[in-house]
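Peer 1: Give the three-dimensional model of this entry:
(2 chains)
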Amino acid sequence: MSTDTWHAGPDLLRRYADAALDDVGQAAVETHVTRCADCRREATALVAEPALETVWQGVTARVRAPRTHWTLRVLRRLGVPEPDLVVLRNSANLLLALAIATMAAVGFAIAGSFLKTSSQEVFYLALAPLLPTLLVAGAYDSTDPLRELAEPTPFGKLRIALLRTTIAVVGALPLVVLMGLVPHIDTNVATWLLPSLALTVLTLVLLTWLRAPLAVGAVVTAWLLVVTGLRTSGEVELVADPAGQLLAAAVLVAASVTLIGRLGVLRPERGVR
Amino acid sequence: MTVVAELVGVSKSYGRKRALAPTDLTLSTGVIGLLGPNGAGKTTLLRLLATAQPPTTGQITVAGHDVTGSLRERTRARRLLGYLPQEVGFPSRTTAFGFLDYIGVLKEWSDTPARHAEVQRVLDLVHLGTLGRSRVSALSGGQRRRLAIAQAFIGDPRLVVLDEPTTGLDPEQRASLRGLLSEQARTSVVLLATHQTEDVSALCDRVIVLDDGVVCFDGTVPELIATARGQVWVGADANVGALSSWRTGSGAVRSVGGTPRHDSRAVEPAVEDAYLLMRATTPTRSASQGVLP
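Peer 2: Residues are numbered from 1 along each chain as shown, chains lettered A, B, ... in the order given. Sure, this is the predicted structure:
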C-alpha cells in the first residue's frame, strides 16, 4: 500500500522510464518509485518488455559469468581488454606449453654446461634462438581441445598465439634468469638475443600463411643450416660481430614490418558486434 | 529462399586419396540433410563449408564472400558461420557459461554485457539456462552435446553447419532440437550431416546423399522417397534377393528390394528404404579411390 500523498505523474514517469531526466531527477524519481506502489506499477507498464527482458538477461548473465582468477584480475587492472582475458582464461594448454618451455630451458642449460667451452658457443647459438620459436608454436598450435571450433571463427589465431606467448614468456622469465646464475654457463645473451627475436617474429609472420608445423619447420631448418654453415667455415664468431648483429637486426625489422601489415589484415572488424 | 552458400567444382584430396569429387552445390535457406555412410565425405564437405580446411580445387562462397580467396574474405565469411564438429573437446575446469563466453569472444563479441546476454540466450535455446555455472565435466553426455550445439548459434549465423548434432540426445531433446533448427532455417541455411533418417524426414526441406565422395542424390524428401516406390514390400516372408528385410512388430516381414512373394503387398517407403536402395545401386567404387571421413 502506498503511503505517499504525492505521485510522479505520467509525464515524469515516462521521462524516467526513458532515462531522459538528469541524474538528480532520475535518482529522485527512483527513490519515490521504490516506496510508492502505484507509481511503481505505472512505471513498470511504461518500460517496454524487451527492455526488461534485456535487463533481466544481463542480470542473470552477470550472476552466471565465470569467476575470474586473481592473476587475470591483475591483468584487467593493468588494462588488458576483457576479450583477451577470456582467451587467456580458456588457454589451459598454456600450462603445458609453459611446462615444456621450462623443462627445455633447464635441460638446455644443464646439457650445455657439460660441453667444452668452445662447443658451448655453437650449442647455445644453434638452440637458444629456437626456444622462443618453439614456444610460440606451442602456444599457437598445441593441444588446444577447442582447435577445431576456434579455427573457423573470425578471431585472429595469431592474436591468440601472441597473448599466450606473452603470458608464457612472462611466466618463464624467472626461470630463465635463474638459469643465467648456474655456474660455468656463459649464455652470452647479447649474442643470441637479436637472432632469437628475428627468428621468433619471422615464425609469427609465417604463421599468418602457414600451419604451425610448416612454419616452425621452415624456420628451424633455415637456422640450423645457417649455424652449420658458420661452424663448417669456422666463422661462428660472425654472429657476434657487428655485421652479423646488423643482419639479424635487419631481418627483425623487415619481419616486424611485415607482421604489422599482416596483423592489420587479420585484426577483428570493429563494430561488427 | 535466399542463396547463402555456393560450391563450384569443389573437391578435396588427402594426398592421393580423394575424399570429395568435384562438386557443385547451391545452398539456400532451409534445413538440408546430408546422408551417407561412414567415409562418404560428409565431414569433409562440412569442414570445407565451415572453412576449417581449404578445398583442393574449386571455389566456395558464403554470402558472396569467397572463402577460398584471401584471408580477409574468409574472415568475413566466418562472421556468418556457426559450426558444430563431430566431436568437441572442452577445456578442463571450464563452466558451461565460460565455454560459450570464450566462443563468443572468438566470434568477435567484444562488448562484455552484450556477449553475456548472447551466451545466456543460446543457453536458454538448448534448455541449459540454469546450468551456466556448472562445470562442463559435471554435465551429462546429452547436456554436453547441447552445449556444443549452443555455441554454433552464437550470433545468429546465416550458415549453420552441424556434424551429427543429434548424437547422444534422447528423443525429447531431439524433438526440441528439431524445433530450434527449423526456426533458425527461416533465415539461415542449416546443413546437418546425420545417420538418423527419421531426422531427415521430419525436418529437412532438402536431402543430399553422398557416397564415395560423390553426390548421388540431391532433392526433396518426397523426391527421395519416390525413388523407392514399388520396391518396399510387406509379406509373410522376405522377398527373394531382398536388400534388407526384417520382421516388424505385427509379425509381417518388411523387405526392401528383391522379388516379392505372391502374398506380399507394396507399401509406402520411408527415407531409410530409399537411402538403402540408393546405396545398393551406386556404381561400384574404384579401387584406386580411397575415401577419408
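
Peer 1: for chain B, which spans come out with low pLDDT?
Peer 2: Within chain B, the stretches with pLDDT under 70 are B:282-293.

Peer 1: That should have said the stretch 151-273 of chain A, apologies.
Peer 2: Looking at the stretch 151-273 of chain A by pLDDT under 70, you get A:165, A:167-191, A:263-273.

Peer 1: all strands of the chain, in order?
Peer 2: Using chain A here. Read by DSSP state E, chain A holds no strands at all.

Peer 1: looking at chain B here, not the other one
Peer 2: Under DSSP E, chain B gives strands at B:3-14, B:17-28, B:30-35, B:57-62, B:65-66, B:81-84, B:159-163, B:189-193, B:206-211, B:214-219, B:232-235, B:244-247, B:253-256, B:265-266.

Peer 1: need the ones you listed in a markdown table with distance to chain A and mean neighbour count, can you?
Peer 2: Yep, even glycine has a C-beta here, placed from its N, CA and C like the rest. Converted to a markdown table, the strands of chain B look like this (distance: least, CB to the nearest CB, whole Å; neighbours: other CB atoms under 10 Å in any protein chain shown):
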| stretch | distance to chain A | mean neighbour count |
| --- | --- | --- |
| strand B:3-14 | 13 | 19 |
| strand B:17-28 | 16 | 18 |
| strand B:30-35 | 17 | 24 |
| strand B:57-62 | 11 | 18 |
| strand B:65-66 | 11 | 18 |
| strand B:81-84 | 5 | 25 |
| strand B:159-163 | 8 | 25 |
| strand B:189-193 | 14 | 26 |
| strand B:206-211 | 20 | 23 |
| strand B:214-219 | 22 | 17 |
| strand B:232-235 | 39 | 22 |
| strand B:244-247 | 35 | 14 |
| strand B:253-256 | 36 | 23 |
| strand B:265-266 | 45 | 10 |
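
Peer 1: With distance to A:Ala243 added, can I get these in JSON lines?
Peer 2: Shown next, in JSON lines, are the strands of chain B (distance: least, CB to CB, whole Å):
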{"stretch": "strand B:3-14", "distance to A:Ala243": "46"}
{"stretch": "strand B:17-28", "distance to A:Ala243": "50"}
{"stretch": "strand B:30-35", "distance to A:Ala243": "60"}
{"stretch": "strand B:57-62", "distance to A:Ala243": "47"}
{"stretch": "strand B:65-66", "distance to A:Ala243": "46"}
{"stretch": "strand B:81-84", "distance to A:Ala243": "50"}
{"stretch": "strand B:159-163", "distance to A:Ala243": "54"}
{"stretch": "strand B:189-193", "distance to A:Ala243": "58"}
{"stretch": "strand B:206-211", "distance to A:Ala243": "60"}
{"stretch": "strand B:214-219", "distance to A:Ala243": "60"}
{"stretch": "strand B:232-235", "distance to A:Ala243": "82"}
{"stretch": "strand B:244-247", "distance to A:Ala243": "77"}
{"stretch": "strand B:253-256", "distance to A:Ala243": "79"}
{"stretch": "strand B:265-266", "distance to A:Ala243": "88"}
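
Peer 1: Which residues of the stretch 151-293 of chain B lie near chain A?
Peer 2: When proximity is defined as CB under 8 Å from any CB of the partner chain, the stretch 151-293 of chain B approaches chain A at B:151, B:155.

Peer 1: residues near residue 249, how many?
Peer 2: All of this refers to chain A. A:Ala249 is flanked by 15 other residues according to other CB atoms under 10 Å in any protein chain shown.

Peer 1: try again with chain B
Peer 2: Neighbours of B:Gly249 (other CB under 10 Å): 5.

Peer 1: how much space is there between it and chain A?
Peer 2: Look at B:Gly249 and chain A: by CB to the nearest CB, to the nearest Å, they are 41 Å apart.

Peer 1: Now for the closest residue to B:Arg229 other than its chain neighbours: which residues touch it?
Peer 2: Distances taken as CB to CB, 6 or more residues apart in numbering or on different chains place B:Pro269 nearest to B:Arg229, at 6.1 Å, with adjacent residues excluded. Contacts for B:Pro269 (CB atoms under 8 Å, 6 or more residues apart in numbering or on different chains) come out as B:225, B:228-229, B:231-232, B:256.
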